[in-house]
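Participant: this is a predicted model, with the sequence first.
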Amino acid sequence: MSSRHLQTLIRPLVRGLHPYVPGEQPKIKGLIKLNTNENPYPPSPKVLEATRAAVDGRLRLYPNPTAQLLRDKLARLHGCRPDNILVGNGSDEVLALAVRTFVDPVVGQASRLPARDEPPAPPCSKSLVQFFTPSYSLYPVLADIHGAARNAVPLHSDFTLPSLADLKRARQWDFRAALSLVTTPNAPSGCGYSTAQLEELCRAQKGVVLLDEAYVNFASEDAMSLALKYPHVLVARTFSKAYSLCFQRVGYCVGHPELIAAIHKIRDSYNVNGLGQVAAMATLDDLPHYRANFRRIIATRERLTCELGALGFQVFPSQTNFILVRPPKHPAKEWLQKLRDRKILVRWFSDPLVQDYLRITIGAPEEAAALVKAAKAVQ
Ligand SMILES: Cc1ncc(COP(=O)(O)O)c(C=O)c1O
């Protein structure tokens with residue numbers, strides 16, 4: 001069968017899709033990996049032990065379909081009930097499920113993407129996935145996969161969040177959008193948003209607001225209280241970044257039981273693997289270990305901010321485990337290669353809004369020192 005024929009078997013929407021591009025997972029040994037916001041510290045010894053102990057004959061059994069014990073523990077952590085919580089295969093799955101639960105595909109678009117020169121369909125709030133830009137680059141892809149419309153509203157040029165008055169004045173933000181996704185603190189800028197400002201936005205919003213707190217453990221404020229106060233607000237969290245569990249794929253969201261029950265309806269029956277559930281539960285039993293790691297990462301972040309600043313980098317204040325920097329002398333894309341030549345991998349995005357910047361994950365102190373040394377050599 002020819003490739004042309006095979007292409008006709010694929011839904012036109014999927015054929016035209018630009019997929020999400022994850023950060024590189026290099027095969028080359030000895031590279032210092034500061035490109036995907038992974039935690040430089042391993043899971044705690046207790047988590048490793050619990051996970052190892054679970055590798056036995058039980059692997060033949062299906063895991064608990066709703067991650068019940070993990071939801072019980074999370075409910076105790078957040079002062080809510082287990083039916084306020086949905087666990088996903090990473091928070092990426094939670095985001096995808098939210099799009100599928102709350103957003104209607106644009107009629108006719110479920111089967112195809114509009115042609116490049118086609119005027120955009122008039123936005124219908126029920127079909128709208130809305131987010132600020134720059135923020136997590138998965139959001140537009142999730143909207144496209146679902147055949148939804150998207151509304152990308154620019155942040156201020158210093159990446160701060162526009163106030164409610166700004167948003168009303170600019171008339172770009174849709175207060176009736178079916179789903180608004182807000183990364184807080186933001187990625188890739190690292191900028192933290194105040195809970196008061198987020199609350200103001202949530203109160204003005206008619207549709208569902210999902211606050212994506214993937215990096216919140218490195219921030220000075222969190223907005224979990226909003227998910228428990230406002231029925232249309234969800235907060236998503238992940239075990240990937242702060243809890244060193246990217247490999248296990250566990251994320252969750254907290255919100256009103258009616259919204260959570262709706263998301264449960266459409267997820268896969270066994271969406272969270274058993275070892276992931278075990279590892280996440282053991283993590284919650286060992287939180288002081290992780291809180292010490294957060295402090296170490298924040299200390300390294302502050303030191304690196306000063307050291308790169310002294311070398312002429314413009315470093316945006318960060319509330320996350322990465323920093324966004326505008327490097328001096330050479331274009332950011334050249335820096336990417338020059339650092340890679342010195343075995344340091346950072347992230348560069350081609351999006352015009354951030355193409356002059358590099359996003360650098362906060363690694364261990366020795367990795368940060370190696371980065372500074374390489375930066376001095378490049379200059
Ligand atoms: C803002 C944001 N949200 C969610 C995620 C997804 O995390 P995970 O699927 O590993 O839980 C990421 C990962 O990079 C992220 O940057």
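Facilitator: That came in fine, so what should we check first?
Participant: get me the contact residues on the stretch 151-300 of the chain for the ligand.
Facilitator: By C-beta under 6 Å from any ligand atom, the residues of the stretch 151-300 of the chain that approach the ligand are 183, 187, 212, 214, 238, 240, 246, 251. Yep, even glycine has a C-beta here, placed from its N, CA and C like the rest.
Participant: highest neighbour count among the residues you listed?
Facilitator: When these are compared by neighbour count (other C-beta atoms under 10 Å), Asp212 ends up highest, at 29 neighbours.
Participant: need the contact list for that residue.
Facilitator: Applying C-beta atoms under 8 Å, 6 or more residues apart in numbering to Asp212 gives the contacts 91, 95, 136, 181-184, 236.
Participant: now for the longest helix seen in the chain, which elements pack on it?
Facilitator: Using DSSP state H to assign secondary structure, the helix with the most residues in the chain is helix 287-310. Contact here means 3 or more C-beta pairs under 8 Å, 6 or more residues apart in numbering; DSSP states H and E; on that basis helix 287-310 packs against strand 314-315, strand 322-326, helix 365-378.
Participant: what number of residues lie near Glu258?
Facilitator: By other C-beta under 10 Å, 9 other residues sit near Glu258.
Participant: can you tell me the helix or strand for it?
Facilitator: Using DSSP states H and E, Glu258 sits within helix 257-266.
Participant: the stretch 151-300 of the chain: helices as residue ranges?
Facilitator: Along the stretch 151-300 of the chain, the segments classed as helices by DSSP state H, counting those that start in this stretch run 164-170, 195-204, 224-229, 257-266, 274-284, 287-310.
Participant: tell me what the first one is packed against?
Facilitator: In this case it means helix 164-170. Applying 3+ C-beta pairs under 8 Å, 6+ apart, we find helix 164-170 packed against helix 195-204.
Participant: any idea of the mean pLDDT in the helix it packs on?
Facilitator: Per-residue pLDDT values across helix 195-204 average out to 97.
Participant: any buried residues in that helix, and which?
Facilitator: Neighbour-count burial for helix 195-204, counted by 16 or more other C-beta atoms under 10 Å, picks out 195, 197-202.
Participant: not counting sequence-adjacent ones, nearest residue to the most centrally placed residue in the chain?
Facilitator: In the chain, the C-alpha closest to the average C-alpha coordinate belongs to Ala214, at a distance of 5.2 Å (C-alpha atoms, centre = their mean). Counting by C-beta to C-beta, 6 or more residues apart in numbering, the nearest residue to Ala214 once its immediate chain neighbours are dropped is Thr238, at 5.0 Å.
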